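> return a 3D structure for these sequence lines:
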Amino acid sequence: MNAQRQRRKQLKTNQRGITLLLGILVLSAILAISFSLATVVFVEVRSSGDLLRTETSYYAATAVGEEALWKLKRKVNQGTSVNQCDPSLVNCYSSTVGTVDVGSTPPAENILTDPVQQDIVPANGIPPDAHTFPANAKYYVLYNPACPTANPSSTGTCQQGGSGYSSITVTYLSTGNLSTDALHMYVCQFNPTYLINSSGAADTYSTQPCSDRSPTAPNDNYWLVSDQQLFPNNPANMTFTVPLDHNQQQELVLYDTSIYSSIYVQMESFDDSFPVQPKGIPYYEERAVDINAKNFGVTRKLRVYVPNN
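Take a look at the predicted model:
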């Protein structure tokens, strides 16, 4: 009898331990679910708050973007540097819009120099004569904005007024049609230290560089490439690379004589470093204004593109 009582007592003790363990497991599961729900709710609440604050920042950045469009197109924002608005000007960019701070990181005007650039050359670009380009020809100037002309106080490329470019590659982008339109390509290269007069001396040009497309123009040996024609759907003649003298200035001219369709082109240019790096074409078609708007710790960044023309 004593042995049976002892076994019953031991069994009850074991059952109490199992009940306690199950209780702990259930409480742990409930606690884990509660923490998970709390985390989700916290993230959603924080995101909602950020969304409310960032919406204000976005509208403030948009307002400064409209301000940049107005000032740059009307040339009323003439600062001392192209990359930063002159703080001494009364018509500088706004530093605050309501409660939003847009002045701690001032809006920066940037020259677009994307390494790979694409463009459309319009059709029906027929030259009026043998010396001039068609009215709708596309011009791309390659130069160093820091030293567009010769600068005796500088050294290296800037001292010569050079562009700092080592080469440029132009590619005819096929649209998949059976068009046989030719892309007419010219590359002008000239020494910015040479004078322009009619004396015919070795260090002068008789005409404005890159102005006369005739390769036989007297004393105007500034054409590196004269009417190189690229064709679509012809891999052997869709891309053309031109080595450049980084101490001189260059200009690329493209036109399309077709009367039916425009031509899509891609341009890649490289600097004079070693190894060479992509450089891009400065002041190509448009510039950008980068705007940072901060509101209660939340920042929205906006880039506004402003056409140069």
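> please count neighbours and contacts with C-alpha atoms only from this point.
Noted.
> buried ones in stretch 237-248?
For stretch 237-248, burial by neighbour count (16 or more other Cα atoms under 10 Å) applies to 238-240, 244-248.
> restricted to helices, list the residues you listed.
If you go by DSSP state H, the buried residues of stretch 237-248 have nothing in helices.
> from these, which single one is nearest residue 118?
For the buried residues of stretch 237-248, the minimum distance to residue 118 (Cα to Cα) is 13.5 Å, reached by residue 239.
> I figured that closest one was touching residue 168, is that so?
No - contact criterion Cα atoms under 8 Å: residue 239 and residue 168 do not qualify, at 10.5 Å.
> for the buried residues of stretch 237-248, work out which two are farthest apart.
Farthest pair in these, by Cα to Cα: 238 and 247, 28.1 Å.
> how about the secondary structure of the closest residue to residue 248 other than its chain neighbours?
Once flanking residues are discounted, residue 248 sits nearest to residue 162: 4.3 Å by Cα to Cα, 6 or more residues apart in numbering. Under DSSP: H, G, I helix; E, B strand; the rest coil, the three-state class of residue 162 is coil.
> out of the buried residues of stretch 237-248, list just those in strands.
Judged by DSSP state E, those include 239-240 as members of strands.
> just the buried residues of stretch 237-248 now: which is nearest residue 271?
residue 246 (7.9 Å).
> tell me the spacing between the closest one and residue 226.
20 Å (Cα to Cα, to the nearest Å).
> can you check residue 124 too?
Look at residue 124 and residue 226: by Cα to Cα, they are 19 Å apart.
> equivalent analysis for residue 152, please.
32 Å.
> ok, residue 302 next?
From residue 302 over to residue 226 the distance is 42 Å, taken as Cα to Cα.
> pick out whichever of these two has more residues nearby.
With other Cα atoms under 10 Å as the criterion, residue 302 and residue 226 differ in neighbour count, and residue 302 comes out ahead with 20 against 16.
> show me how this structure divides into domains.
1-112, 113-284 (automatic domain parsing).
> please identify the most buried of those domains.
Stretch with highest mean neighbour count among the domains of the chain: domain 113-284 (a mean of 17; mean count of other Cα atoms under 10 Å).
> tell me how far that one is from the chain's mean position?
Distance of domain 113-284 from the chain centroid (Cα atoms, centre = their mean, to the nearest Å) equals 20 Å.
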